[in-house]
Structures are given as C-alpha cells and as structure tokens.
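**Student:** curious how this folds, go ahead:
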Amino acid sequence: MTDNTRLREIVKETRFSREQITANVRQIHGSVLAESHYLDTPNFTTFHPDDLKRLFEQYDHLFFGSLCRKLLGQTELCFRISRRITRAGGKTTCFVHQNRPKDVFYEIAVSSTLLFQTFHDVERSVTVTGIECRNRLKALQRIFEHELIYLIELLLWGDWI
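**Tutor:** Purely as a prediction, here's the structure:
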C-alpha cells in the first residue's frame with residue numbers, strides 16, 4: 001500500500017475518541033512549550049517558524065503516523081509568520097513553477113497580527129474554528145490544525161500535476 005493510499009485511509013476511516021484527541025492535543029501543547037526557544041508561556045509574545053514546524057511534526061506523528069512527511073518526500077514545506085494576513089488565522093499554499101509543473105513546494109503561514117490582537121482581556125472569550133481558546137498557544141493549535149487539513153487535501157487531491 002502506498003503512502004498516499006495509507007494517508008487517504010487514515011483521513012477517510014480513522015475516528016479518534018474525544019479522549020484521544022484531547023490527550024494528543026495536550027501532548028502537543030506541552031511538547032511545543034517545552035521544546036520551543038520562543039514560546040515561553042501559553043500566552044507567548046513571540047514565536048518563530050520553527051514553532052510551526054514543530055507543530056507540523058507533532059500533529060503529523062500523533063494523528064497521521066508521519067505520513068504527511070513521507071508523502072512530501074523531498075518536496076519542500078515552508079513555514080512563515082505573517083503580519084499581512086489579517087482576515088484569516090492562516091493560509092496554506094501550493095506554489096507551482098510555471099515552466100515545471102511537477103516542481104512544487106508548500107507553505108503554511110500563520111497570522112501574527114490576529115494572534116497578538118487577542119488575549120489581552122481575560123474576560124473576553126476567543127473562538128477559533130468553533131472551539132473556545134483560553135490562550136494564544138491553543139488558538140495557534142486550532143489555526144494550525146485547520147491549515148494542516150488544507151495541506152493534506154493538497155497532498156491527496158491536488159490537481160496541479
């Protein structure tokens with residue numbers, strides 16, 4: 001079975017229990033805080049593309065058996081923090097070279113503007129992808145989960161090749 005087929009099966013057939021999802025998300029939350037040189041608290045004041053890379057590695061490993069990385073192979077996956085994205089929490093893009101359509105790379109960008117405009121007023125609830133978030137790291141995780149789904153869709157069903 002190819003990596004593509006295996007990832008498709010996971011996406012279509014796997015159902016994690018609420019408890020397993022919660023445990024995995026908490027593990028990622030703790031791991032990112034422990035390993036990051038930039039995220040010093042759940043309401044961090046700075047973050048780095050390496051933190052997004054770490055999120056990718058953790059989510060891919062715990063939820064997808066590292067199949068996203070395997071499917072990417074040598075294809076580059078870039079991570080970027082953007083001050084210019086102001087209408088969405090993030091953006092996932094597939095870049096295709098105009099003269100070489102099989103020469104692609106992917107980018108996941110996350111809006112620093114939206115993350116840093118939140119969590120100043122502890123009384124105000126912040127909802128990201130329909131889930132209440134109590135700190136920036138939880139909001140970042142929800143944004144990243146959303147963008148990871150777009151990446152998986154591009155990997156499995158993209159039509160540029």
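
**Student:** C-alpha only now, for contacts and for neighbours.
**Tutor:** Noted.

**Student:** strands of this structure, start to end?
**Tutor:** With DSSP state E applied, the chain shows strands at 77-82, 90-97, 100-111, 126-128, 131-133, listed in chain order.

**Student:** mean pLDDT lowest for which of these?
**Tutor:** If these are sorted by mean pLDDT, strand 126-128 sits at the bottom with a mean of 81.

**Student:** quickly run through the sheet partners of that one, with directions.
**Tutor:** Sheet neighbours of strand 126-128, with direction, are listed as strand 131-133 (antiparallel) (DSSP bridges).

**Student:** any weak-confidence spans in this protein?
**Tutor:** Applying pLDDT under 70 to the chain flags the ranges 101, 121-123, 159-161.

**Student:** check contacts around the residue nearest to the spatial centre of it.
**Tutor:** With distances taken as C-alpha atoms, centre = their mean, residue 144 lies nearest the centre of the chain, 2.8 Å away. The contact partners of residue 144, taken as C-alpha atoms under 8 Å, 6 or more residues apart in numbering, are 52, 55, 56, 90, 110.

**Student:** redo that, cut-off 10 Å
**Tutor:** Contacts for residue 144 were tallied using C-alpha atoms under 10 Å, 6 or more residues apart in numbering; they are 52, 55-56, 59, 89-92, 108-110, 138, 150.

**Student:** who wins for neighbours among these?
**Tutor:** Neighbour counts for the contacts of residue 144 (other C-alpha atoms under 10 Å) peak at residue 110, which has 27 neighbours.

**Student:** name whatever forms a beta bridge with it.
**Tutor:** The partner list for residue 110 in beta bridges (DSSP bridges) reads residue 81, residue 90.

**Student:** distance check, it against residue 7.
**Tutor:** Distance, residue 110 to residue 7, by C-alpha to C-alpha, to the nearest Å: 24 Å.

**Student:** my read: residue 41 touches residue 33, true?
**Tutor:** Yes: Residue 41 is within contact range of residue 33, at 6.9 Å (criterion: C-alpha atoms under 10 Å).
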